[in-house]
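Colleague: Need a 3D model of the following:
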Amino acid sequence: MVALPVKRVEDRGKIGDFEIVRELSRSSVTSVFEGYQASLDRTVLIKRLHPQLADDDDLRARFEREAKALARIKHKNIVHIYDYQASPESVHLVTEFVSGGSLADRLKQLGTLTEREAVAVAVDVLEGLKVAHREGIVHRDIKPGNLMVGHTGQIKITDFGLAQFEGSPSLTMQGMVIGTPAYIAPEVISGSPAGPRSDLFSLGVTLYELMTGVNPYLADNMSETLNRIISLKPQPLDGINPEMQRLLFKLLEKKPDRRFTSAEEALKEIAPLAEKYQVERGWVDVEPEGSKVRTTGAKDSESLIQPRPRRQLSRTWVILSAIVMVTASILVYLLIQHATTPDEIIINETPVDSMLTEVTTPDTSQAVQPDSQESRPQQDDTAPATRPVERPIEEPVQNPARQPDKTAAQGSETDSRRETGNDAVVDAPEVAIPPVTGTAYLSLHVTPWANVYDADGNFIVQTPTDNIIPVDAGEVLLTFSNPDLPPLTRTFTVEPDDTLRQTIDLMKMVGEISFINATPWARVFLDGEPLETTPIYKRLLLPFGKHILRFEHPDFPVHEEEVVLQPGDTPRSIVVDLTSQ
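Modeller: Prediction:
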């Protein structure tokens, strides 16, 4: 191994005993560095939690979880851990440096994998998962970006930050979906705990994407992505070995009990393919070939799959797809009709004659003196007493508060009427308006996903959902909860028997504060709740309206800053100088 030029990195700083060579990536939570350990003359990877987030218990727990997972597993297909350090000011993890990049990078740079390469990837990943699952560890985030190409020739699984230990409590809120959305197993979306078979589903999605260049479930938003995972069956790939096709779609089964029981069983199933393509040892057997640069559109004599799934389906699949689409369209139409026209259901169950009688009864009570034009309101096209009843249910019973006052209609000599346009206004004693009663329905499409609660805090449903939600008619207050957002409320008004369809983008209901700082420094409180000590790089998403930031420093007067967030605002940066107070 060639030693790195230590002098070049001395002025770049250290993290623990490791010298920083260069920064590789940065997210809102971590920075990842290439480092150098002089004592053992080796290159390392350092993942560090941002200092301002060092007191975040959940993030610290995830770092600790990843360290413990890697420490328990010693395997050629899993990244090795070298060090883990946690203090009140800093948390960092040091692992083996994998020089070949991820399969996600490889897919972008070199294009899709051949079937032989995909089999090799599957062998390596299944070998790693077999050992992890035996240790009671579920990865929960298998995807191309977490599969690294090692210089020793193996595919190595990395990033166990979301790993779940058997028997350990979850670090996340109930109902929160954990993992990268387009790779999550259906049972996890439905609320079941992740298990070994969940990792196998994620591997199936990963292989499909590596072979075609497209993730079959990825959509423009999280809700649609999760909905696709639950309901969409990816199209079969033409031109591949039937055994590979069968293995791939067994990994992608919606129901866990239809997948392989374990990674070990999947390895036994793939063994004949591995032997056929001479990749029994995994990626080591294809690395010399795989290292050759190959563009997405280049022809490869061994590639049995086109770079993108824009391929011709067989005649049988075209016919079956057409039948399925027509059938689905009919079912969707019937469901929409059922959901949007509850009145028609009532009409089918109730004799028409009885409904007509029920509707016309109030009208006869208004005819006080039929032969006298002065004793009744002027008639018009909208008066319910005189027009034909074309829709007998809707108008007479839609809102009881709008019905004519029969007592006033029969009237006494002291009642006076005055006409304004077509509306007759009765000067009568004030009558209490009865509340709107009955059942109404809500159809919600929420982005991103959320748990929905009623005004009393009772859980109703988790989106995305195709269910029509029954509610009490009138004003309905709902609270939407997503762990990345503050609780957000919306009020809807729904008439009895109506179905109200609402598309709600929660991100359009919040404003953002992207940066907070104070000179020299300050402890910050947001709306009375302690936040952090400046500088604060944490992205804060807050409901629209007024918020109070309070800055406290022992040597300066307390300073309060009023922040008003409104729709359309760009992310705000708040900077104050306490020395000028």
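Colleague: Please enumerate the helices of the stretch 401-550 of the chain.
Modeller: 406-410 (DSSP state H, counting those that start in this stretch).
Colleague: Kindly apply the preceding question to the stretch 101-250 of the chain instead.
Modeller: So, for the stretch 101-250 of the chain - with DSSP H, counting those that start in this stretch - the helices run 103-110, 115-134, 186-189, 196-212, 222-231, 242-251.
Colleague: out of these, which comes closest to A450?
Modeller: helix 222-231 (9.1 Å; Cβ to Cβ). The C-beta positions use only the backbone N, C-alpha and C, and glycine is treated the same way.
Colleague: Give me the buried positions along the closest one.
Modeller: For helix 222-231, burial by neighbour count (16 or more other Cβ atoms under 10 Å) applies to 222-229.
Colleague: Next: stretch 110-122.
Modeller: Of the residues in stretch 110-122, those buried (16+ other Cβ under 10 Å) are 110-122.
Colleague: do stretch 180-197 as well
Modeller: Counting neighbours by 16+ other Cβ under 10 Å, the buried set in stretch 180-197 is 180-189, 194-197.
Colleague: contacts for it?
Modeller: Here stretch 180-197 makes contact (Cβ atoms under 8 Å, 6 or more residues apart in numbering) with 129, 133, 138, 140-143, 145, 164, 170, 175, 177-179, 198, 201-202, 205-206, 215, 217-218, 222, 225-226, 229-230, 254-256, 259-263, 462.
Colleague: coming back round to it: among the buried residues of helix 222-231, which one lies nearest to D527?
Modeller: The nearest one, if we look at the buried residues of helix 222-231 relative to D527 and count by Cβ to Cβ, is M222, at 27.6 Å.
Colleague: Just confirm the closest one contacts T447, I think it does.
Modeller: Yes: counting by Cβ atoms under 8 Å, T447 is a contact partner of M222 at 6.9 Å.
Colleague: For this protein, give me the ranges with low pLDDT.
Modeller: 1-12, 161-179, 287-436 (pLDDT under 70).
Colleague: ok, now with 50
Modeller: 1-11, 167-177, 289-315, 318, 336, 338-428, 431 (pLDDT under 50).
Colleague: Please name the residues that touch the spatially closest residue to S99 that is not a sequence neighbour.
Modeller: Distances taken as Cβ to Cβ, 6 or more residues apart in numbering place H151 nearest to S99, at 4.7 Å, with adjacent residues excluded. Shown in contact with H151 (Cβ under 8 Å, 6+ apart): 98-100.
Colleague: and with 10 Å instead?
Modeller: Going by Cβ atoms under 10 Å, 6 or more residues apart in numbering, H151 touches 96-100, 287.
Colleague: before we move on, what about F18?
Modeller: If you count contacts by Cβ under 10 Å, 6+ apart, then F18 has 33, 35-39, 44-46, 82-83, 85, 92, 94 around it.
Colleague: So which of those belong to helices?
Modeller: Within those, no residue falls in helices by DSSP state H.
Colleague: Which among the residues you listed count as buried?
Modeller: 33, 35-37, 44-46, 82-83, 85, 92, 94.
Colleague: quick one: which two of the residues you listed are the most distant?
Modeller: Y36 and Q85 (16.6 Å).
Colleague: Which parts of the stretch 451-581 of the chain are strands?
Modeller: Taking DSSP state E, counting those that start in this stretch as the criterion, the stretch 451-581 of the chain carries its strands at 451-453, 459-462, 469-472, 474-481, 488-494, 499-505, 510-519, 523-526, 529-533, 540-543, 545-553, 556-565, 572-577.
Colleague: again with the stretch 151-300 of the chain
Modeller: Remark: strands assigned in the stretch 151-300 of the chain by DSSP E, counting those that start in this stretch are 155-157, 164-165.
Colleague: Good, wrapping up.
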